[in-house]
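J.: Pasting the sequence and the predicted model now:
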Amino acid sequence: MVLVALVLGSSPGLVLAQSSSPRADRQTTFTVDGSGSYLATAGPALTGAFDRAMQELDGFPEQTTPDAVKDSTFRRRLLELRILMDLEAYAYDPILLHTFRKVVDDAYEQVGDFQDVSVIQQILGAPVRDDVVSQRLIKMNVVLASLRTNTVRSAMRDFLGSPSSSLQTLAPGDTPRLWTLAGVTPSEQLDGTGNAAMLASVVFGKLQGGGIFVSDIFDKQQETQFHATRKDVRSTLLIVLAFTPTRDATRGTSEPLWLLVSRYGDTNDAAVAWRTAQNYGGPVETGANALRTAFSTAQGQQQAVLDSKSFGTMIGALNNVQNSHRR
């Protein structure tokens with residue numbers, strides 16, 4: 001979420017938009033066939049994700065509201081496409097992949113910035129200025145314009161549908177975050193599912209041993225780490241969810257981590273609301289109290305993850321999938 005100027009009423013109470021149940025991140029909306037090699041998996045997986053995103057974009061009006069965007073699933077389709085582009089990055093020319101991924105990433109961020117207006121208003125109980133909302137709508141439509149053109153769509157789909165015949169060597173700047181965090185590369189000794197299981201297992205291992213939990217959400221550096229941890233856990237869980245063997249092997253055991261992602265999301269929302277109030281003259285202490293409440297709930301879930309040994313359980317299940325998907 002981004003900081004925006006607010007028009008605050010005389011005595012609006014801050015409302016914490018904390019979900020009473022986990023968010024819908026865990027919903028299975030597609031399945032990747034990972035029975036072939038890593039390279040063979042790439043084309044169908046990415047063109048499928050691209051087609052789903054474009055189908056939703058075609059029904060996504062240019063004149064819309066933050067509430068309507070928040071309630072739509074278009075941004076989720078962009079997230080799925082972006083994550084699969086990262087997973088299959090070693091199957092593509094890095095220069096063009098970076099070009100197309102930036103288009104997807106910019107769209108994802110600008111759609112998020114626009115829909116965040118709805119979340120900020122809910123938490124702070126005050127309307128965002130009309131000119132700010134209009135500006136964000138324009139910025140969103142500008143980045144989506146290229147994806148609405150047949151020329152860009154055709155070029156992007158053709159590229160995603162034509163992966164390389166051999167694994168690419170990626171420079172550090174071209175390597176997606178999860179592969180960098182894991183410190184491994186795809187293996188030709190594993191099929192597509194096996195490589196997904198390997199990546200997820202190693203990432204969870206790094207997160208488990210990396211001291212990822214923070215103690216002071218009001219510290220900017222710790223807040224940044226908190227947000228990065230949520231993205232890493234969510235992205236890895238979505239990779240696990242995309243393949244039937246990994247999804248089935250972790251069913252139930254992944255629940256504490258999904259709930260952690262949800263509680264972290266509530267806290268991120270509250271943190272942005274607090275900083276918005278702080279920067280633009282809103283009810284700072286009320287915002288701080290809302291953030292304390294959300295972070296306390298997140299800390300409770302952190303402890304639940306530790307108590308249930310969720311990372312270790314997931315790693316064991318994913319290692320079993322990896323071992324059964326050797327070529």
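T.: Received it, and whenever you're ready, just let me know what you need. Numbers count the residues shown, from 1 in each chain.
J.: quick check: domain ranges of the chain?
T.: 38-165, 180-327 (automatic domain parsing).
J.: residues touching Leu96, list them.
T.: Listed by C-beta atoms under 8 Å, 6 or more residues apart in numbering, the contact set of Leu96 reads Phe159. Yep, even glycine has a C-beta here, placed from its N, CA and C like the rest.
J.: same check, this time on Thr28
T.: Thr28 sits in contact with Leu241, Arg247, where contact means C-beta under 8 Å, 6+ apart.
J.: could you point out which element follows the helix or strand encompassing Phe204?
T.: Assigning secondary structure by DSSP states H and E places Phe204 in helix 192-208. Where DSSP H and E defines the elements, the next helix or strand beyond helix 192-208 is helix 220-242.
J.: That next one to helix 192-208, inter-axis angle?
T.: 160 degrees (axes from the mean of the first three to the mean of the last three C-alpha atoms, to 10 degrees).
J.: follow-up on the earlier one: mind putting the domains of the chain into TSV with mean pLDDT and distance to Asp174?
T.: Output for the domains of the chain, formatted as TSV (pLDDT from 0 to 100; distance: least, C-beta to C-beta, whole Å):
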stretch	mean pLDDT	distance to Asp174
domain 38-165	95	4
domain 180-327	92	10
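J.: Using a markdown table, please lay out those together with distance to Pro172.
T.: Supplementary listing: the domains of the chain in a markdown table, determined by distance: least, C-beta to C-beta, whole Å:
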| stretch | distance to Pro172 |
| --- | --- |
| domain 38-165 | 11 |
| domain 180-327 | 7 |
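J.: What are the neighbouring residues in contact with the spatially closest residue to Val142 that is not a sequence neighbour?
T.: Spatial nearest neighbour of Val142, excluding adjacent residues (C-beta to C-beta, 6 or more residues apart in numbering): Gln110 at 7.8 Å. Neighbouring residues of Gln110 by C-beta under 8 Å, 6+ apart: Arg136, Lys139, Met140, Val142, Val143, Leu144.
J.: ok, and for the lengthiest helix in the chain, which residues are buried?
T.: Looking across the chain with DSSP state H, the single longest helix is helix 94-124. Using 16 or more other C-beta atoms under 10 Å as the test for burial, helix 94-124 gives 94, 97, 100-101, 103-124.
J.: I'd like the distance from stretch 222-241 to the chain centre, please.
T.: 7 Å (C-alpha atoms, centre = their mean, to the nearest Å).
J.: list the buried ones in it?
T.: For stretch 222-241, by 16+ other C-beta under 10 Å, it's 223, 225-227, 229-230, 232-241.
J.: same thing with stretch 62-72?
T.: So stretch 62-72, judged by 16+ other C-beta under 10 Å, has buried residues Pro66, Val69, Lys70, Ser72.
J.: Remind me what the helix or strand hosting the third one packs against, helices and strands.
T.: Lys70 belongs to helix 66-71 when assigned by DSSP H and E. The contact analysis (3 or more C-beta pairs under 8 Å, 6 or more residues apart in numbering; DSSP states H and E) places helix 66-71 against helix 94-124.
J.: For the closest residue to Val128 other than its chain neighbours, give me its contacts.
T.: For Val128, ignoring the flanking residues on the chain, the nearest one in space by C-beta to C-beta, 6+ apart is Val117 at 4.9 Å. Contacts for Val117 (C-beta under 8 Å, 6+ apart) come out as Val4, Pro66, Val128, Val132, Val133, Arg136.
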